[in-house]
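Trainee: I need the structure of the sequence given here:
(one chain, ligands or ions: 2)
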Amino acid sequence: MHILNVNDLAASSIPSPVQPLLITGANGTLGRAFQRICAIRGIEAVALNRSQLDITDPISVERALTQYNPWAVVNTAGYVRVDDAEKDFERCYRENTTGPTILAAACAYRDIHFLTFSSDLVFDGNKSAAYVESDTPRPLNVYGNSKRLAERDVLARMPNALVVRTSAFFSPWDEYNFVYYALRAGHRKEAFDAADDVLISPTYVPDLVNVSLDLLIDEERGVWHLANQGSFTWAELARLAADMGGLDTSFVVPRSVNTFGWPAARPVYSVLGSKQGNLLPSVESRMERCVAEVMANLKSAPEEAIAVAS
Ligand SMILES: NC(=O)C1=CN([C@@H]2O[C@H](COP(=O)(O)OP(=O)(O)OC[C@H]3O[C@@H](n4cnc5c(N)ncnc54)[C@H](OP(=O)(O)O)[C@@H]3O)[C@@H](O)[C@H]2O)C=CC1
Ligand SMILES: Cc1cn([C@H]2C[C@H](O)[C@@H](COP(=O)(O)OP(=O)(O)O[C@H]3O[C@@H](C)C(=O)[C@@H](O)[C@H]3O)O2)c(=O)[nH]c1=O
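Mentor: Ligands and ions are numbered 1, 2, ... in the order given. All right, here's what the predicted structure looks like:
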């Protein structure tokens, strides 16, 4: 007698007995980190990219939810080009506001959990103490406003949705974050301009994913602030990473954020605290391990050897 196992079930037309976690934005920084950590934690997950699930298309959303029958949806899809959003506002609102709202409505209809991500850029920077969940969002740019509206509309359609506000990702798992850019510049002995009058809460992506999953599994709801402990200017963050990487920090060139000429205004202060307590460890404790991995990658990458030699 042949005993069917999960692999046989997966290969056959019989649906798997395990409802998966469905992750949108599979090709993005956060989407790829969720896949990595779900695999580590043994959480059955299905990650879909834009062509497989377009969050702005209700038909695409319904097809995916029907096909995979998830117990929850984690939305990591979004528009993150803050400066481009000032002109590309239609796409920004479509992907950051309309998309999550469609997902929330579909999850509410199926009575399944829903997690989506917002940003510190919903705030105006006029506080001098860490922002908490009850503070009123007053965004300074289109991107921040698209996130504010998403929070409002998602929770209107699904009051028990989980909305995580976070900020300033750093991670050794991708090359598209500020800390990686700074370390690569230092490794190449190139000057790196960094804003020295904007205070933010850097967030170690693996911590963000792990704690977000814990909150989702615990069926937490509403707005939660998740960022590592400690506030830094971008220049201080670049110097912290460089110092931990054994680099001379003089390549970091501190400048006022107003001298960069960026189209989108940034709040000069958007440090995130939480009424729920400090759920993530200190930035310093996480930066050590992040820098070690990034520096090892930089030193071993052939293109970096050429860049440093030239
Ligand atoms: N990066 C950061 O520092 C911070 C990020 N966040 C939030 O975290 C979330 C993830 O950010 P991050 O991982 O950095 O972003 P990425 O740009 O790395 O990933 C976003 C992904 O979303 C996909 N996407 C965009 N529109 C759609 C759509 N209509 N349907 C399906 N997929 C879509 C993109 O696909 P494609 O590749 O095809 O464009 C991309 O792969 C966002 O909501 C962002 O606002 C919050 C605070 C800080
Ligand atoms: C590239 C670069 C950026 N910066 C500063 C300015 C900028 O505010 C900050 C980060 O630059 P970025 O372009 O990555 O992103 P910026 O758009 O400011 O950062 C935001 O991204 C979105 C998605 C968020 O939700 C925010 O939490 C935050 O992480 O670093 C420098 O100081 N020097 C540099 O060379």
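
Trainee: Run through the residues that contact whichever residue of the stretch 201-310 of the chain sits closest to ligand 1.
Mentor: Nearest residue of the stretch 201-310 of the chain to ligand 1 (CB to the nearest ligand atom) works out as Thr203 at 6.8 Å. Yep, even glycine has a C-beta here, placed from its N, CA and C like the rest. Neighbour list for Thr203: 166-170, 226-228, 280 [criterion: CB atoms under 8 Å, 6 or more residues apart in numbering].

Trainee: now it, nearest residue through space, not along the chain?
Mentor: Ala227 (4.6 Å; CB to CB, 6 or more residues apart in numbering).

Trainee: Rounded mean pLDDT for the helix or strand in which Ala104 is found, please.
Mentor: In the assignment (DSSP states H and E), Ala104 maps to helix 99-110. For helix 99-110, mean pLDDT rounds to 98.

Trainee: For the following helix or strand past that helix, output the C-alpha coordinates as PDB.
Mentor: Moving toward the C-terminus from helix 99-110, the next helix or strand (DSSP H and E) is strand 113-119. Provided in PDB are the C-alpha atoms of strand 113-119 (Å, rounded to 0.1, in the frame of the first residue of the first chain):
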ATOM      1  CA  HIS A 113      -5.500  37.200   8.900                       C
ATOM      2  CA  PHE A 114      -3.900  40.100   7.000                       C
ATOM      3  CA  LEU A 115      -0.600  41.900   7.600                       C
ATOM      4  CA  THR A 116       0.600  44.900   5.700                       C
ATOM      5  CA  PHE A 117       3.500  47.400   6.200                       C
ATOM      6  CA  SER A 118       3.500  51.200   6.700                       C
ATOM      7  CA  SER A 119       6.300  53.600   7.300                       C
END
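
Trainee: Strand 113-119 to helix 99-110, inter-axis angle?
Mentor: Here the directions of strand 113-119 and helix 99-110 differ by 160 degrees (axes from the mean of the first three to the mean of the last three CA atoms, to 10 degrees).

Trainee: Give the pairing partners of strand 113-119; include direction for each.
Mentor: Strand 113-119 has the following strand partners under DSSP bridges: strand 72-75 (parallel), strand 162-166 (parallel).

Trainee: can you pull out the helices in this structure?
Mentor: With DSSP state H as the criterion, the chain has helices at 6-11, 29-41, 58-68, 89-93, 99-110, 142-157, 178-187, 205-217, 234-244, 283-300, 302-309.

Trainee: can you tell which of the strands paired with strand 113-119 is closest to ligand 1?
Mentor: Of all the strands paired with strand 113-119, strand 162-166 comes closest under CB to the nearest ligand atom, at 4.6 Å.

Trainee: That closest one and ligand 1 in contact?
Mentor: Yes. For strand 162-166, a contact with ligand 1 is found by CB under 6 Å from any ligand atom, at Thr166.

Trainee: Run the chain-centre distance for that strand.
Mentor: 10 Å (CA atoms, centre = their mean, to the nearest Å).

Trainee: Surely Asn210 touches Arg36?
Mentor: No. Contact criterion CB atoms under 8 Å: Asn210 and Arg36 do not qualify, at 10.8 Å.

Trainee: Comparing the two, which residue is more hemmed in?
Mentor: Asn210 (17 against 14; other CB atoms under 10 Å).

Trainee: Show me the shaky parts of the stretch 201-310 of the chain.
Mentor: Scanning the stretch 201-310 of the chain for pLDDT under 70 picks out 304-305.

Trainee: repeat that for 80
Mentor: Applying pLDDT under 80 to the stretch 201-310 of the chain flags the ranges 302-310.
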